[in-house]
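Peer 1: structure for the following, please:
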Amino acid sequence: MPELPEVEAASRVAQRVAKGQVIAGVEVLHAAQRRSLPEVTAATLVGDVVRRVTRRAKYQLLHLGSGRTLVVHFRMAGDWSVMRRGAPLPAHARVVLRFASGRALALVDSRALCTVELFPTGVAPLPDLGPEADGEEFTATHLREAVARRSGAIKPLLLDQSIVAGVGNIYASEALWAAKVDPRRRARALSVAELARVVAGVRRVMAKALAHPERYYQSGSDHLRFNVYDREGAPCRRCRTPIRRVVQAGRSTYWCASCQR
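Peer 2: Got it, this is the predicted structure:
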């Protein structure tokens, strides 16, 4: 799933293409996306203007001149494909936003899980979200307070967007390796110092990924990009112990049993 760095990179693409542009047409090409953006609703977008594109957690928000907000979530495999006038639709195009400039943004998704939803003026479009994973409000104090009444392990709790926004399965595993914290440990049992290391680990892996926001499935050098994720059996880069894998809350977690305590 695209996480904060990948969605941030995508939102910058959308900003470059869509900012200040009049929407000339909208095509909703798959039944799954019509559930969140019915064709009759999509038709009302024609003639509106995209004032700016922002990101919050894993959501992209297209702020319209009418005061409405178009909210895009890539889910597992969504991405933007930039099109020029007359270009054929890319494979797995689900929603296409065409602009008067002649350019277009095609939301492509092989799994058709992505969503596009239009919110009227004055309606809060997003659920309750925690601080951004790379933001100043994400601190050890915040994390301690957020997990104090929860009984779960630290790794699954890092995926809770109400605790910290933008972290997904890949960067949670990577951050805990950087922090030298066992992903199976109960979050509320971690010391303040350990929670501070977790926060620092999240910040570190986010900074690295934001500098090189390749998609996981698009990179040919994942064994170089990641320290533990998807490296089961490979040697830990710190201590050479084989990386292990366990399933937590239905997701694969990778860690080093020797240097993550």
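Peer 1: pLDDT below threshold where in the stretch 151-261 of the chain?
Peer 2: By pLDDT under 70, the low-scoring segments of the stretch 151-261 of the chain are 213-224.
Peer 1: all strands of it, in order?
Peer 2: 244-248, 251-255 (DSSP state E, counting those that start in this stretch).
Peer 1: with respect to Pro88, which of those strands lies nearest?
Peer 2: Comparison of these against Pro88 by C-beta to C-beta identifies strand 251-255 as nearest, at 36.2 Å. Yep, even glycine has a C-beta here, placed from its N, CA and C like the rest.
Peer 1: the closest one: partners in the sheet, and parallel or antiparallel?
Peer 2: Partners of strand 251-255 in the sheet, by DSSP bridges, are strand 244-248 (antiparallel).
Peer 1: domains for the protein, by residue range?
Peer 2: Per automatic domain parsing, the structural domains of the chain span 4-119, 140-255.
Peer 1: reformat the ones you listed as TSV; add mean neighbour count and distance to Pro131.
Peer 2: Shown next, in TSV, are the domains of the chain (neighbours: other C-beta atoms under 10 Å; distance: least, C-beta to C-beta, whole Å):
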stretch	mean neighbour count	distance to Pro131
domain 4-119	18	10
domain 140-255	18	6
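Peer 1: those domains: which one's closest to Pro125?
Peer 2: Here domain 4-119 is closest among these (C-beta to C-beta), at 4.1 Å.
Peer 1: tell me how far the closest one lies from the chain's centre.
Peer 2: Averaging C-alpha positions (C-alpha atoms, centre = their mean, to the nearest Å) puts domain 4-119 16 Å from its chain's average.
Peer 1: how close does the residue nearest to Ala200 when sequence neighbours are not counted get to Ala172?
Peer 2: Among residues not flanking Ala200 along the chain, Ala179 sits closest, at 6.7 Å (C-beta to C-beta, 6 or more residues apart in numbering). Ala179 sits at a distance of 11 Å from Ala172 (criterion: C-beta to C-beta, to the nearest Å).
Peer 1: circling back to that earlier point, closest to Asp128 out of the domains of the chain?
Peer 2: domain 140-255 (5.4 Å).
Peer 1: so Val13 belongs to a helix, correct?
Peer 2: Yes. Counting by DSSP: H, G, I helix; E, B strand; the rest coil, Val13 is part of a helix.
Peer 1: residue numbering should commence at 590 henceforth.
Peer 2: All set: I'll call the first residue 590, so the last point we hit is now Val602.
Peer 1: let's verify the closest residue to it other than its chain neighbours: helix, strand, or coil?
Peer 2: In this structure, Val602 finds its nearest non-sequential neighbour in Trp669, 5.3 Å apart by C-beta to C-beta, 6+ apart. Using three-state DSSP, the three-state assignment for Trp669 comes out as strand.
Peer 1: surely Trp669 touches Ala599?
Peer 2: Yes. Checked against C-beta atoms under 8 Å, the pair Trp669 and Ala599 is within contact range at 5.4 Å.
Peer 1: put together a markdown table for the domains of the chain, with distance to Pro716 on each row.
Peer 2: A markdown table is the format used below for these (distance: least, C-beta to C-beta, whole Å):
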| stretch | distance to Pro716 |
| --- | --- |
| domain 593-708 | 9 |
| domain 729-844 | 7 |
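Peer 1: quick check: which of these is nearest to Leu715?
Peer 2: Comparing these by C-beta to C-beta, domain 593-708 comes nearest, at 5.9 Å.
Peer 1: how long is the closest one from one end to the other?
Peer 2: The first and final residues of domain 593-708 sit 22 Å from each other (C-alpha to C-alpha, to the nearest Å).
Peer 1: how about stretch 692-709?
Peer 2: Stretch 692-709 stretches 25 Å from its first residue to its last (C-alpha to C-alpha).
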